[in-house]
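# Next comes the sequence, and after it the predicted model I'd like to discuss.
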Amino acid sequence: MNSAIPWYLGNSSGFFQNWGPLSLVIVLLWSLLWKGLALWHSARRGEKRWFVALLCINTVGLLELTYLAFVVKLFSEQRAAKKKRP
């Protein structure tokens, strides 16, 4: 009878039984990596509002990636070209 309960309602038997702790560690490491990088950039740039927002809002790296991509332009080709110049 327990197998009739879907996984999203608490049935943890079967294939995904042991993935809970591992997925939690992966999400924590992912979030910590991007949050640390975004906080470092916002502090170095003197952007206090972004720093507070990034510190207080937990979006599992989504807000941090948005900040790094569109505000800092960390992943842009122009930034990579600037680093290659002597």
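Yep, it's here.

# make it CA atoms for all contacts and neighbour counts henceforth
OK.

# which residues are in contact with the helix or strand in which Phe51 is found?
Here Phe51 is covered by helix 48-56, with elements defined by DSSP states H and E. Contacts of helix 48-56 from elsewhere in the structure, counted by C-alpha atoms under 8 Å, 6 or more residues apart in numbering, are 35, 38-39, 42-43, 63-64.

# which ones are touching the spatially most central residue of the chain?
The chain has Gly61 as the residue nearest its centroid, 1.9 Å off, counting by C-alpha atoms, centre = their mean. Gly61 is in contact with 30-32, 34-35, counting by C-alpha under 8 Å, 6+ apart.

# run the last query once more with 6 Å
Neighbour list for Gly61: 31, 34 [criterion: C-alpha atoms under 6 Å, 6 or more residues apart in numbering].

# quick one: it and Glu47, what's the gap?
18 Å (C-alpha to C-alpha, to the nearest Å).

# go on, Val71?
Val71 sits 11 Å away from Glu47, going by C-alpha to C-alpha.

# Return the helix or strand in this protein with minimum mean pLDDT.
helix 77-84 (a mean of 64; mean pLDDT, DSSP states H and E).

# Name the helix or strand for Leu33, please.
Judged by DSSP H and E, Leu33 forms part of helix 19-44.
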